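[1] Structure here, sequence nowhere to be found:
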């Protein structure tokens, strides 16, 4: 009778903590810290956009969900976003400084794909990099 109670207790523990373990270690993962990740490459905004315009699926395989650094001139700046060379839309982590307009900038962020409607490549979790 004791062995049976221990076996039942073990089965109940596995049933109780199994979903928690799966949720914590497989489903839920800590968010990436793009600021502290090393960028896989540095590319000009025009070059990145032209690769996406020519072959979106091939460019996705190279850049999608990767940390990259974009070089170019800031053409539009708002509190939470920046557009580089009119080709790359960057969603910034921190409030953007209006002093970046028409200046050469390096932006590091995670590539989230190409927006066919607006014809721009989109990055999120972006931050400005020091030259």
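    The structure has been received and is ready for your questions. Just so it is clear, the structure is predicted and the values come from calculations on it, not from any experiment. Numbering: from 1, shown residues only.
[2] In the sheet, which residues pair with the residue nearest to the spatial centre of the chain? Tell me.
    For the chain, residue 110 is the residue whose C-alpha lies nearest the centre (Cα atoms, centre = their mean; 3.0 Å). When assigned by DSSP bridges, residue 110 has beta-bridge partners residue 67, residue 124.
[3] Could you list every helix and strand in contact with whichever strand or helix holds residue 15?
    Assigned by DSSP states H and E, residue 15 belongs to helix 2-22. Packing partners of helix 2-22 (3 or more Cβ pairs under 8 Å, 6 or more residues apart in numbering; DSSP states H and E): none among the helices and strands. (Glycine included, C-beta is placed from N, CA and C.)
[4] from what I can see the residue nearest to the centre of the chain touches residue 123, true?
    Yes - using Cβ atoms under 8 Å, residue 110 is in contact with residue 123, at 6.3 Å.
[5] Common neighbours of the two, please.
    residue 68 (Cβ atoms under 8 Å, 6 or more residues apart in numbering).
[6] Can you get me the start-to-end distance on stretch 97-108?
    16 Å (Cα to Cα, to the nearest Å).
[7] Just after the helix or strand bottoming out on mean pLDDT in the chain, pick out the following helix or strand.
    One helix or strand of the chain scores below all others by mean pLDDT, DSSP states H and E: helix 2-22, with a mean of 77. Using DSSP H and E, the helix or strand that follows helix 2-22 in sequence is strand 42-44.
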